[in-house]
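> Quick one: sequence and predicted model below, then my questions.
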Amino acid sequence: MRRVDTEVGGNKKIDTLIGKDSCFTGNIESTGTIRVDGKFEGEISTKGDLVIGETGQVQGKIKAQNIIIAGKVKGEVEATGKLELVPTGNLQGEARMTLLVVEEGAVFQGNCQQIMKDQKEKARFLQIETPKEQKGLPKEVK
């Protein structure tokens with residue numbers, strides 16, 4: 001089984017932690033990585049990443065760069081990067097993300113919408129060149 005605490009964020013440090021024996025109600029605004037292993041009700045907004053551990057339970061609205069859910073989330077979720085539900089993850093509600101990963105065993109009940117990158121960035125990745133004509137080859141093959 002994959003360990004969420006060691007793989008999430010690689011070398012990124014956790015700036016805010018709500019421990020498994022803690023309950024918190026309110027709003028959190030941050031620019032760093034947040035991990036929730038306890039119960040949280042309210043709104044979380046960070047420019048960093050958000051990790052909901054296996055014992056974590058969140059009800060409310062959350063927005064972060066990348067979100068990994070191993071616990072339970074009920075509400076609105078927005079990931080400007082990747083939203084990942086690992087096998088123990090459970091998400092009920094509305095989700096917006098650029099990239100969605102739902103691993104086998106995870107539960108997602110609700111609606112999701114993909115956030116599209118701007119058209120300039122999208123075009124850069126999809127650029128296709130037309131092959132040049134080569135001398136001596138027929139223009140049309142029948």
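Noted; the coordinates are in hand. Residues are numbered from 1 along each chain as shown.

> I'd like the next helix or strand past the helix or strand hosting residue 25.
Using DSSP states H and E, residue 25 maps to strand 23-30. Per DSSP H and E, strand 23-30 leads on to strand 33-36 as the next helix or strand towards the C-terminus.

> Note down every partner strand of that following strand and its orientation.
Sheet pairing of strand 33-36 (DSSP bridges) gives strand 14-18 (parallel), strand 50-52 (parallel).

> Quick one: residues contacting residue 75.
When contacts are counted by C-beta atoms under 8 Å, 6 or more residues apart in numbering, residue 75 is found next to 58-62, 93-94. Glycine gets a C-beta too; all of them are placed from N, C-alpha and C.

> And these, which of them are buried?
Buried by 16 or more other C-beta atoms under 10 Å: 58-62, 93, out of the contacts of residue 75.

> Could you dump these into a markdown table and include pLDDT and distance to residue 47?
Written out in a markdown table, the entries for these read as follows (pLDDT from 0 to 100; distance: C-beta to C-beta, whole Å):
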| residue | pLDDT | distance to residue 47 |
| --- | --- | --- |
| 58 | 97 | 18 |
| 59 | 98 | 22 |
| 60 | 97 | 18 |
| 61 | 98 | 16 |
| 62 | 97 | 13 |
| 93 | 96 | 22 |
